[in-house]
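Undergrad: Predicted model follows, preceded by the sequence.
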Amino acid sequence: MTSILHSVTRYYAQQPVKYLSVRHFLFTLALTPEKARPRGLCALPLEVIIEIMKELEWRDLLRIRQTCKSLCDASKARPVWLNLFKPCPERPLFPLQAEGPLENYSSSRLEYMILRWKRAERSYAMNGEDVDVQGIEIALDEDQAVVAMHLVKGGRWLLLVLYNGSIQCCDLEGKNPSPKALIPHPFDSDNTTAGVHFSFDMVSTTPTLTFNIALGFRDGLSDDAINFLQVWQVSVILDEQGNGMDLRTCLLSSFVQKIGGSVHAIAISGPHLAYAFVPRGQTLPRFIFVVDWSSVNGKMTQFPQRIAPVEFIPDRLSFLPDHKLLSISFQKFSLLDWRSLEEASISLTSALAPVVFLWTHRMNYWRKSFFPHFCADSTRFVFESERFLHGLIIEHATAEGNPVKEPYIVELMEYPEEWLQTTAPRRLLGHNYGFGLAGHPGLTILRYSWPGEQHIEFPSISFPGTSVKRFDVRNWQGAPPCVDLGTGRVVFVGSFRGRLLVLDITC
């Protein structure tokens, strides 16, 4: 109530003098016929009512629609839902994503997106209940198997990385969703089996939904094959009404690594690309490269890059804030300040000093989430041990030059029996939710909180958390599902050949 009164006070403080006059307000009411005279909130100007409603939560907006037509109409005002759509500083992991400028979004469209998100969250929080879902099947090209998937934030565009290194996209909100070519492969034959590594980076500086894709691939059957590294930009094409209708692509950078060997991991963030490389026939050292991809193009083999010799090859690389690069390998996390590496055009046969990591943290956890969760003051990862989920917290530096803190581990939850029935390749561990596929009970969703975390929507969620059964899905493949929390959409590859299953978890 205090915040509502402050809103009214702020509003009137900015209005002409006539609105500040109590006599004027009473005189207006006196001229209104008794039967038509509005009362309570309805007696206030529409602008004031909208300001008040901007302070309400979405549930209150739906409740207030049951009172009278005037307040029902006011609750549909665009500023009310636009205010709810904007991410708040307290929630950096905001799940909604607009495809174009918010100026193009109507009130009804904003309301639909927010309420769908809230329905999905409500489904995630239902204890042990079966939830009705809507599902569709999408046929795939039987000649090319899917090696990786990525559901772009917003839940509409699904990216499929194929064995030959090409990428297809699928509009899950189209009338007849089906994959179509998005990015071609660099080989002479469509049937080439490529060793493919893939990384994804959202671009926040453009008015439309835009993202960059980094690809590292080589002919998987040849020891002497060239490693291709490419960066593509993909953006949404808007129609005249500002609605997304298709994707366009542009090749931003392309270069090769001609030294025999293979790329084992890749990461992209802004203008920087990092990749791990193992030279052919060479036991030690292995290498991590950091390249400014925006300054490299064409079939260049000698170009400035930062080189870090390492004893172990990472399974995953991840850029962190403050010029840090995280190397993730089996039971080991290592943090590197990549700016400390000398930038030069240098061959791998030259003498190179061993890299000095800021810290190396050994962990005896045998299932890791490779997906970083960027919070306001830290980057977090989720792990599994034999019976527990754990979180690794890497705090960001508070100021330039401050010493780097060691990471620390927190316990998130002891997972239930249902989770044991899923297997590691079919699990996806998010910041607050875990998704796992099994023959029975189907898709299991875990929910968990971090110590000190306040969950606004579901205060009943407390440490350690519980599991949620969804539905019985007996057909799955060994890849983890793709999930979009904002839409409640889950995608996985069916074990029967050439099928995608797309499920909308809303109730």
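TA: Sure thing, it's come through. Numbering: from 1, shown residues only.
Undergrad: burial count for Pro79?
TA: By other C-beta atoms under 10 Å, the residues close to Pro79 number 14. In this view, the C-beta of every residue, glycine as well, is placed from N, C-alpha and C.
Undergrad: In a strand, it, correct?
TA: No - secondary structure of Pro79 (DSSP: H, G, I helix; E, B strand; the rest coil): helix, not part of a strand.
Undergrad: Isn't it up against Lys54?
TA: Yes - in this structure, Pro79 is within contact of Lys54 by C-beta atoms under 8 Å, at 6.3 Å.
Undergrad: Spatially nearest residue to the residue positioned nearest the centre of the chain, not counting backbone neighbours?
TA: Centroid-nearest residue in the chain, with C-alpha atoms, centre = their mean: Lys153, separated by 5.4 Å. Take Lys153 and drop its neighbours on the chain: the residue closest to it by C-beta to C-beta, 6 or more residues apart in numbering is Gln97, 4.2 Å away.
Undergrad: show me the residues around Val483 that make contact.
TA: 151, 428, 430, 433, 435, 489-491 (C-beta atoms under 8 Å, 6 or more residues apart in numbering).
Undergrad: Sticking with it, tell me its helix or strand.
TA: strand 482-484 (DSSP states H and E).
Undergrad: so after that strand, what's the next helix or strand?
TA: Per DSSP H and E, strand 482-484 leads on to strand 489-493 as the next helix or strand towards the C-terminus.
Undergrad: Strand partners (parallel or antiparallel) of the following helix or strand past that next one?
TA: Beyond strand 489-493 on the C-terminal side, the first helix or strand identified by DSSP H and E is strand 499-504. Note on strand 499-504: by DSSP bridges, its sheet partners are strand 134-139 (antiparallel), strand 489-493 (antiparallel).
Undergrad: pLDDT on strand 499-504, on average?
TA: Across strand 499-504, the average pLDDT comes to 80.
Undergrad: And stretch 41-57, by the same measure?
TA: In this model, stretch 41-57 has an average pLDDT of 87.
Undergrad: Please apply the same query to stretch 355-362.
TA: Averaged across stretch 355-362, the pLDDT comes to 88.
Undergrad: picking that back up, any chance of JSON lines for the strands paired with strand 499-504, columns mean neighbour count and distance to Phe211?
TA: Shown next, in JSON lines, are those (neighbours: other C-beta atoms under 10 Å; distance: least, C-beta to C-beta, whole Å):
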{"stretch": "strand 134-139", "mean neighbour count": "13", "distance to Phe211": "21"}
{"stretch": "strand 489-493", "mean neighbour count": "24", "distance to Phe211": "17"}
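Undergrad: what's the least confident stretch among these?
TA: When I compare those, strand 134-139 is least confident, with a mean of 71.
Undergrad: following that strand, which helix or strand comes up?
TA: Per DSSP H and E, the first helix or strand lying C-terminal to strand 134-139 is strand 146-151.
Undergrad: which other residues reach that following strand?
TA: The contact list for strand 146-151 (C-beta under 8 Å, 6+ apart) reads 140, 157-163, 196, 198, 200, 479, 482-484, 489, 491, 493.
Undergrad: Mind listing what's buried along it?
TA: Buried residues in strand 146-151, counted by 16 or more other C-beta atoms under 10 Å: 146-151.
Undergrad: try stretch 80-99
TA: Result for stretch 80-99 [16+ other C-beta under 10 Å]: buried residues 80-85, 95-99.
Undergrad: residue boundaries of the helices in the stretch 251-400 of the chain?
TA: Read by DSSP state H, counting those that start in this stretch, the stretch 251-400 of the chain holds no helices at all.
Undergrad: Strands of that one, start to end?
TA: Listed in chain order, the strands of the stretch 251-400 of the chain (DSSP state E, counting those that start in this stretch) span 261-269, 272-279, 286-292, 305-310, 316-320, 324-329, 332-337, 343-344, 359-362, 367-368, 373-374, 378-384, 388-395.
Undergrad: Okay, angle between the first one and strand 316-320 too, please.
TA: The one in question is strand 261-269. Put simply, strand 261-269 runs at 30 degrees to strand 316-320, going by axes from the mean of the first three to the mean of the last three C-alpha atoms, to 10 degrees.
Undergrad: Likewise for the third one?
TA: Our comparison of strand 286-292 with strand 316-320, counting by the same axes, to 10 degrees, yields an angle of 40 degrees.
Undergrad: Give me the distance from strand 286-292 to the chain's centre.
TA: Remark: strand 286-292 is offset 25 Å from the chain centroid, using C-alpha atoms, centre = their mean, to the nearest Å.
Undergrad: Also the second one?
TA: Using C-alpha atoms, centre = their mean, we find the averaged C-alpha position of strand 272-279 to lie 23 Å away from the chain's own average C-alpha position.
Undergrad: Also the fourth one?
TA: Centre-to-centre, strand 305-310 and its host chain are 29 Å apart (C-alpha atoms, centre = their mean).
Undergrad: could you say what helices and strands it packs with?
TA: With contacts defined as 3 or more C-beta pairs under 8 Å, 6 or more residues apart in numbering; DSSP states H and E, strand 305-310 has these neighbours: strand 286-292, strand 343-344.
Undergrad: right, so these: which one is the most enclosed?
TA: Using mean count of other C-beta atoms under 10 Å, the stretch among the helices and strands packed on strand 305-310 with the greatest mean number of neighbours is strand 286-292 (a mean of 21).
Undergrad: So what touches that strand?
TA: Strand 286-292 is contacted from outside by 229, 255, 271-279, 303-314, 317, 325, 327, 336, 338, 341, 348, 355, using C-beta under 8 Å, 6+ apart.
Undergrad: Adjacent strands (with direction) for that strand?
TA: strand 272-279 (antiparallel), strand 305-310 (antiparallel).
Undergrad: Report the buried members of the contacts of strand 286-292.
TA: Neighbour-count burial (16+ other C-beta under 10 Å) is assigned, among these, to 229, 255, 272-279, 305-308, 310, 313-314, 317, 325, 327, 336, 338, 341, 348, 355.
Undergrad: low-scoring stretches of the stretch 201-350 of the chain, by residue?
TA: Scanning the stretch 201-350 of the chain with the threshold set as pLDDT under 70 gives 220-224, 282-284, 298-302, 345-350.
Undergrad: Could you export the top helix by length along the chain as PDB, CA atoms only?
TA: When the chain is parsed with DSSP state H, its longest helix is helix 107-124. Extracted in PDB, the C-alpha atoms of helix 107-124 (Å, rounded to 0.1, in the frame of the first residue of the first chain):
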ATOM      1  CA  SER A 107      -0.500  -4.700 -24.600                       C
ATOM      2  CA  SER A 108      -2.100  -8.000 -25.400                       C
ATOM      3  CA  ARG A 109       1.100  -9.400 -26.800                       C
ATOM      4  CA  LEU A 110       3.100  -8.400 -23.700                       C
ATOM      5  CA  GLU A 111       0.300  -9.800 -21.400                       C
ATOM      6  CA  TYR A 112       0.300 -13.100 -23.300                       C
ATOM      7  CA  MET A 113       4.100 -13.500 -22.900                       C
ATOM      8  CA  ILE A 114       4.100 -12.700 -19.200                       C
ATOM      9  CA  LEU A 115       1.100 -15.000 -18.400                       C
ATOM     10  CA  ARG A 116       2.600 -17.900 -20.400                       C
ATOM     11  CA  TRP A 117       5.800 -17.500 -18.400                       C
ATOM     12  CA  LYS A 118       3.900 -17.500 -15.100                       C
ATOM     13  CA  ARG A 119       1.800 -20.500 -16.100                       C
ATOM     14  CA  ALA A 120       5.000 -22.400 -16.900                       C
ATOM     15  CA  GLU A 121       6.500 -21.400 -13.500                       C
ATOM     16  CA  ARG A 122       3.400 -22.700 -11.800                       C
ATOM     17  CA  SER A 123       3.800 -26.000 -13.600                       C
ATOM     18  CA  TYR A 124       7.400 -26.300 -12.500                       C
END
